[in-house]
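*Asks:* Sequence and predicted structure are below.
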Amino acid sequence: MIDIPGTPGTLTGLVLRISQCVFAAGSISYMVTSGGFFSFTAFCYLIAAMGLQLIWSFGLAVLDTFALLRKKTLLSPVLVSLFVVGDWVTATLSLAGASSSAGITVLYFGDLGSCSFEAECWKYQLSVALAFLCWITIAISSLTTLWLLASG
């Protein structure tokens with residue numbers, strides 16, 4: 001297998017995983033601190049998708065840290081195929097959650113104008129923006145691992 005930036009067990013891979021954790025945790029925290037997120041199914045789905053993303057990315061960040069400290073490679077075909085499947089599943093769920101929440105945010109708070117609390121509306125919008133940033137970083141990771149699997 002060739003050396004691609006962002007592969008598991010490298011410093012850039014660790015940075016990608018940590019950024020996924022930070023964006024997912026930020027999305028969850030902004031959504032949970034708003035008052036009535038539980039009355040919208042899309043927002044609840046976003047919390048579930050970001051929670052799964054946080055767990056997956058944190059586990060792989062720990063694995064990347066271990067590999068960097070021990071100077072081991074995580075390039076076995078079985079591990080890389082596991083990373084590909086996990087990344088693609090979490091990327092799909094994250095994109096679906098972010099898109100559905102963005103649609104609800106635009107519909108209710110932009111088009112219908114039913115946002116009476118400005119701070120709450122900003123929390124919803126920031127949560128959705130962080131979810132999209134999380135999806136961008138997981139998309140980079142998933143494409144990198146797919147490229148790595150195909151090249152090796």
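*Replies:* Nice, I can see it. Residues are numbered from 1 along each chain as shown.
*Asks:* in whichever strand or helix holds Glu120, what counts as buried?
*Replies:* For Glu120, the host element (DSSP states H and E) is helix 118-151. Buried residues in helix 118-151, counted by 16 or more other C-beta atoms under 10 Å: 120-121, 123-138, 140-146, 148-149. (Each C-beta comes from the backbone N, C-alpha and C, glycine too.)
*Asks:* same check, this time on stretch 78-91
*Replies:* Under the neighbour-count criterion of 16+ other C-beta under 10 Å, stretch 78-91 has Val80, Phe83, Val84, Gly86, Asp87, Trp88, Thr90, Ala91 buried.
*Asks:* how about CSV for those, with pLDDT, distance to Leu52 and secondary structure added?
*Replies:* Shown next, in CSV, are those (pLDDT from 0 to 100; distance: C-beta to C-beta, whole Å; DSSP: H, G, I helix; E, B strand; the rest coil):
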residue, pLDDT, distance to Leu52, secondary structure
Val80, 90, 21, helix
Phe83, 93, 15, helix
Val84, 93, 17, helix
Gly86, 95, 10, helix
Asp87, 94, 12, helix
Trp88, 95, 13, helix
Thr90, 96, 6, helix
Ala91, 95, 11, helix
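*Asks:* of those, closest to Phe37?
*Replies:* Checking those against Phe37 with C-beta to C-beta, the nearest one is Thr90 at 20.9 Å.
*Asks:* got a list of what Leu133 touches?
*Replies:* Phe23 (C-beta atoms under 8 Å, 6 or more residues apart in numbering).
*Asks:* Could you check how far it is from Ala67?
*Replies:* Per C-beta to C-beta, to the nearest Å, Leu133 is found 25 Å from Ala67.
*Asks:* The closest residue to Phe58 other than its chain neighbours and Gly59: what is the separation?
*Replies:* In this structure, Phe58 finds its nearest non-sequential neighbour in Cys21, 5.3 Å apart by C-beta to C-beta, 6 or more residues apart in numbering. Going from Cys21 to Gly59 by C-beta to C-beta gives 10 Å.
*Asks:* And the two? Which one has more around it.
*Replies:* Cys21 (21 against 13; other C-beta atoms under 10 Å).
*Asks:* Just to check, the more buried one is in contact with Leu54?
*Replies:* Yes. The pair Cys21 / Leu54 is scored as a contact, 5.9 Å apart, by C-beta atoms under 8 Å.
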